[in-house]
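**Q** let's see this in three dimensions:
(one chain, ligands or ions: 2)
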Amino acid sequence: MQNSSDLLNTLRSIHRKSYPAYKSLKGAYRFDNYILSIDHVQGDPFASPSHISVRVSLQRAGFPPAYHKDAVTRTALCDYLTRQFYQQANRYTFRAKGSGKSGLISVSRCGQEVLARTACEITDKEIISRFFIGFPANGRTINAPELEKILFEFLPVCVQKTFFYKNVNSRALEQCIFLAEDQAYIRSQLEERSLTAFVADGAILPRESGVSSLPMKNSVPFESPESLRVSMELPHRGKISGMGVPRGITLIVGGGYHGKSTLLNALELGVYNHISGDGREYVITDASALKLRSEDGRFIRDVDISLFINDLPNKKDTHCFSTEDASGSTSQAAGIVEGIEAGSKVFLLDEDTSATNFMVRDTFMQQVIAREKEPITPFLERARDLYEKAGISTILVAGSSGAFFHIADTILQMDSYHPVDITAATKNLCKEYPLSSSGAPAFAMPVSRRVMSKASVSARPGRRSDRDERLKVKVHGKDGFLLGKQEVDLRYLEQITDTEQTAALGQLLKYAVEHLTDGKRTLPEIVRYLSHELQTKGFSFLAEGSHIACGYAVPRIQEIYSCFNRYRR
Ligand code: ADP
Ligand code: MG
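**A** Ligands and ions are numbered 1, 2, ... in the order given. Coordinates of the predicted model:
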């Protein structure tokens, strides 16, 4: 391996040359106590910036081994380091000058959730940090002294202050690690105590605004109803109490603006760990929980929705249903079946974002429209079987239909942001408002028969096959991406919490399309394979012999499914 002095010499030798001469810098260089690697050099000062990584041996970095002993602590440590490195880099970005992106130092910006990212990974031997630098130029002429400033003045300071234990705020870091371990403990307790979620007393659920995920100031802290209160002894923080949401069907009711959706939103994101100060640190939901909503216009391919929809007037087979343009109810039926396939054990629904005819049919309507004339078996008539026969719990926000009272195990009323357990009182009332018998067809688990074949992205007769044509991924924020010429719309996947997750989904789908769609593998087989590779090898398996850049965060298996299901293959 070359030394930093070699890098300096090469760099000085290309000053004032034309931009592509920067390519000669590619390679790894040994600095005092880290290795700097220039993995990819941008084509010009306006192109997306160059890929840089820094590696520090664990031994030199000196973090206590307990801080990276398992996946939980490693993810927490990496998250902490990325946030610190971001702050350091931010002090120096654009301090070196030039045209286009000259002088940019860009590190992943972490939000309220703690996610595993390519920005920082810890292996058995070392910490790897990945980020971007805009190599400076005047016009398209290399400005070597400016890059020298970045690589030999700025970066060494950022690296020293971030990746060496002796230089970090050990107290703050310890708190992050402890928090992650406490959160993992609560997650393990959900299973043990047959709960689907835990919401700690004192948690702050509402956010500052629709565009800010910071906690709302001066809001009403959460306080569990006595009947649902559980307490736990966390390994670090000690005793904590809060609401345990039991398995089964939980109904959240209450007047408008009383905080129903806010509670449900917190549960949706409780599949992730939140940082200290967020207010939702101890709001923990079953990691497989899936938010379901209606999404008319979405694409559906070969999904067995017969559990909910049968005998369509056009005689379409609903055991293997496809459409280019789903209705609200079919989209939601497909969402549930895909969720079962993805292994979700909890479904989260909000009446506000559900298709009404998918959720309930009232007695009067049942009288007027005969059962045989109605293709839809509403969710109301399936929820109990979903729990009793498939072990899938439901947490449902309902504002307008009382029919769900009959099937609920737990009924929570949000009253001016305070949850009240009204199960017993409501169950008494149920007798006065009987539910007419439904006559729904028997429950049968849907059967997956989907293979994932290549899309018609580019394979047209007489043209190059799409194996030769490398697919490009273009990410549009959190909302989706373009794969080749196909738009994959992820706007309605409310549990995608970071652009980097969307970017990762784009890469995973691209990999699947290029390597795994032989027309034999089923979708679940493909997703299981990808998720296993991600867990064991990290993102490097996607790099296919090349390097992996920063800018990707690990999505859940549920989002991989949901994304692949929205790809018009
Ligand atoms: P619902 O779904 O019951 O109609 P929302 O959950 O949408 O009500 O909440 C209505 C408003 O109240 C939102 O603007 C939300 O930010 C605010 N809010 C929710 N929970 C709290 C709380 N605990 N303290 C203060 N304001 C809250
Ligand atoms: Mg609401």
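**Q** could you pull up phi and psi at the closest residue to ligand 2 within the stretch 401-550 of the chain?
**A** The minimum distance from the stretch 401-550 of the chain to ligand 2, using Cβ to the ion, falls at M414 (9.5 Å). (C-beta placed from N, C-alpha, C; glycine too.) When read as degrees, to the nearest 10, the backbone of M414 gives phi -90, psi 120.
**Q** how about T10?
**A** Taking degrees, to the nearest 10 as the convention, T10 sits at phi -60, psi -40.
**Q** next, the buried residues of the helix or strand of the chain with the lowest mean pLDDT.
**A** In the chain, no helix or strand scores lower on mean pLDDT, DSSP states H and E than helix 363-368, which sits at a mean of 78. For helix 363-368, a neighbour-count test (16 or more other Cβ atoms under 10 Å) marks nothing as buried.
**Q** got it, and stretch 118-136?
**A** Buried-residue list, stretch 118-136, by 16+ other Cβ under 10 Å: 118-122, 126-136.
**Q** repeat that for stretch 408-423.
**A** 408-414, 417-423.
**Q** can you tell me which of those residues is closest to Q189?
**A** For the buried residues of stretch 408-423, the residue nearest Q189 by Cβ to Cβ is T410; the value is 18.0 Å.
**Q** can you list the low-confidence ranges for the stretch 351-500 of the chain?
**A** Low-confidence segments of the stretch 351-500 of the chain, defined by pLDDT under 70: 437-438, 449-450, 453-469.
**Q** ok, whichever residue of it sits closest to ligand 2 - contacts?
**A** Going by Cβ to the ion, ligand 2 is nearest to D352 of the stretch 351-500 of the chain, at 4.9 Å. Applying Cβ atoms under 8 Å, 6 or more residues apart in numbering to D352 gives the contacts S261, V397, G399.
**Q** swap in 10 Å and give it another go.
**A** Counting by Cβ atoms under 10 Å, 6 or more residues apart in numbering, D352 makes contact with G256, K260, S261, L264, R293, V397, A398, G399, S400.
**Q** N90 now?
**A** When contacts are counted by Cβ under 10 Å, 6+ apart, N90 is found next to I105, S106, V107, R109, C158.
**Q** which of those fall in strands?
**A** The members of these that map onto strands under DSSP state E are I105, S106.
**Q** now the contacts of N90 in JSON lines, with pLDDT?
**A** JSON lines is the format used below for the contacts of N90 (pLDDT from 0 to 100):
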{"residue": "I105", "pLDDT": "97"}
{"residue": "S106", "pLDDT": "97"}
{"residue": "V107", "pLDDT": "98"}
{"residue": "R109", "pLDDT": "97"}
{"residue": "C158", "pLDDT": "98"}
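**Q** tell me which of the contacts of N90 is nearest to F364?
**A** For the contacts of N90, the nearest to F364 is R109 (53.0 Å; Cβ to Cβ).
**Q** can you give me the neighbour number for that closest one?
**A** Counted with other Cβ atoms under 10 Å, the neighbours of R109 add up to 13.
**Q** how about A425?
**A** A425 has 11 neighbours, counted by other Cβ under 10 Å.
**Q** check which helix or strand it maps to.
**A** Counting by DSSP states H and E, the element that carries A425 is helix 423-430.
**Q** what strands flank the helix or strand following that helix, and is each parallel or antiparallel?
**A** Where DSSP H and E defines the elements, the next helix or strand beyond helix 423-430 is strand 473-476. Applying DSSP bridges to the sheet, strand 473-476 is found paired with strand 480-483 (antiparallel).
**Q** so what touches the partner strand?
**A** Strand 480-483 is contacted from outside by 455, 457, 471-476, 487-493, 496, 502-503, 505-507, 509-510, 513, 563, 566-567, using Cβ under 10 Å, 6+ apart.
**Q** looking at these, which are in helices?
**A** Cross-referencing the contacts of strand 480-483 against helices under DSSP state H gives T502, A503, L505, G506, Q507, L509, K510, C563.
**Q** which of those residues count as buried?
**A** T502, A503, L505, G506, Q507, L509, K510, C563.
**Q** the last one and P555: what is the separation?
**A** C563 sits 8 Å away from P555, going by Cβ to Cβ, to the nearest Å.
**Q** burial count for the closest residue in space to the residue of the stretch 401-550 of the chain closest to ligand 2 that isn't next to it in sequence?
**A** Take M414 and drop its neighbours on the chain: the residue closest to it by Cβ to Cβ, 6 or more residues apart in numbering is G254, 3.6 Å away. With neighbours defined by other Cβ under 10 Å, the count for G254 comes to 22.
**Q** I figured G254 was touching E351, is that so?
**A** No. With contact defined as Cβ atoms under 10 Å, G254 does not count as touching E351 (11.7 Å).
**Q** contacts for stretch 182-189 next, please.
**A** Against stretch 182-189 from outside (Cβ under 10 Å, 6+ apart): 70-73, 75-76, 114, 195, 197-198, 200, 230, 232-238, 240, 242, 244, 270-274, 281-287.
**Q** in it, what counts as buried?
**A** D182, Q183, A184, Y185, I186, R187, Q189.
**Q** looking at those residues, which one is closest to E148?
**A** Q183 (43.4 Å).
**Q** quick one: that closest one from ligand 1, how far?
**A** Counting by Cβ to the nearest ligand atom, to the nearest Å, the gap from Q183 to ligand 1 is 21 Å.
**Q** coming back round to it: other residues contacting the helix holding A425?
**A** Applying Cβ under 10 Å, 6+ apart, the contact partners of helix 423-430 are 225, 227-228, 250-251, 253, 402, 405-413, 422.
**Q** swap the cut-off to 8 Å and go again
**A** Helix 423-430 is contacted by residues S227, F405, H406, A408, D409, T410, I411 when judged by Cβ under 8 Å, 6+ apart.
**Q** quick one: contacts for the last one?
**A** Yep, that's I411 we're talking about. Neighbouring residues of I411 by Cβ under 8 Å, 6+ apart: T250, L251, V253, F405, D421, I422, T423, T426, K427.
**Q** with just CA atoms, put the host helix or strand of it into PDB.
**A** According to DSSP H and E, I411 maps onto strand 410-415. Extracted C-alpha coordinates of strand 410-415, given in PDB (Å, rounded to 0.1, in the frame of the first residue of the first chain):
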ATOM      1  CA  THR A 410     -58.900  -4.200  23.500                       C
ATOM      2  CA  ILE A 411     -60.600  -0.800  23.000                       C
ATOM      3  CA  LEU A 412     -58.700   2.400  23.700                       C
ATOM      4  CA  GLN A 413     -60.300   5.700  23.700                       C
ATOM      5  CA  MET A 414     -58.000   8.700  23.000                       C
ATOM      6  CA  ASP A 415     -59.500  11.500  25.100                       C
END
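**Q** convert stretch 209-217 to CSV, retaining C-alpha atoms only.
**A** Below are the C-alpha coordinates for stretch 209-217, written out as CSV (Å, rounded to 0.1, in the frame of the first residue of the first chain):
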residue,chain,number,x,y,z
SER,A,209,-45.0,19.7,12.3
GLY,A,210,-45.8,17.8,9.2
VAL,A,211,-42.3,18.4,7.8
SER,A,212,-40.3,18.1,11.0
SER,A,213,-39.9,14.9,12.9
LEU,A,214,-38.6,16.6,16.0
PRO,A,215,-40.8,16.2,19.1
MET,A,216,-43.6,18.7,19.6
LYS,A,217,-42.8,21.2,22.4
